[in-house]
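>>> Give the three-dimensional model of this entry:
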Amino acid sequence: MKFAINPDSAVPPFEQLRRQVINAVRSKKLAVGARLPPVRALATELGLAANTVARAYRELEQDGVIETRGRNGSFVAATGDPTHQQVQLAAVAYADRAKSLGVDANEALSIVRSALGIR
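Numbering: from 1, shown residues only. Below is the predicted model of the structure:
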């Protein structure tokens, strides 16, 4: 996912970035569990101060959009009720495992449909 900052906008850069992340999560361009770029790397890429990106990440975390896992980085958070969150996290783990095993998306979805009894 690429982000872009409009330097001519009246909207502050941290807010532009915050809105773009929220929109990407809502539109499913950023999936639950997706890792966001490190603060310094994204700041360099966007031509911003690291504190600007850090502020956007802090506000996203306060809003429950992302979660920071220390040195492991920042990730899109699971949303919804606790049951839904657990299913989202399980889906991310399954998708990651299927990819690591070289299973393509269609086959992985077929396996899930079969497990759920869906034809």
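
>>> Domain parsing of the protein, as residue ranges.
According to automatic domain parsing, the chain comprises the domains 1-77, 78-119.

>>> next one: the first one to chain centre, how far?
What it means is domain 1-77. 9 Å (CA atoms, centre = their mean, to the nearest Å).

>>> which residue ranges form the strands in the protein?
Per DSSP state E, the chain has strands spanning 66-68, 74-76. These are given in chain order.

>>> Check these for me and report the most buried one.
Compared across these, strand 74-76 shows the largest average neighbour count, a mean of 21 (mean count of other CB atoms under 10 Å). The C-beta positions use only the backbone N, C-alpha and C, and glycine is treated the same way.

>>> Kindly check the end-to-end length of stretch 30-45 for me.
Length of stretch 30-45, first residue to last, CA to CA, to the nearest Å: 18 Å.

>>> quick one: least confident helix or strand in the protein?
helix 82-100 (a mean of 85; mean pLDDT, DSSP states H and E).
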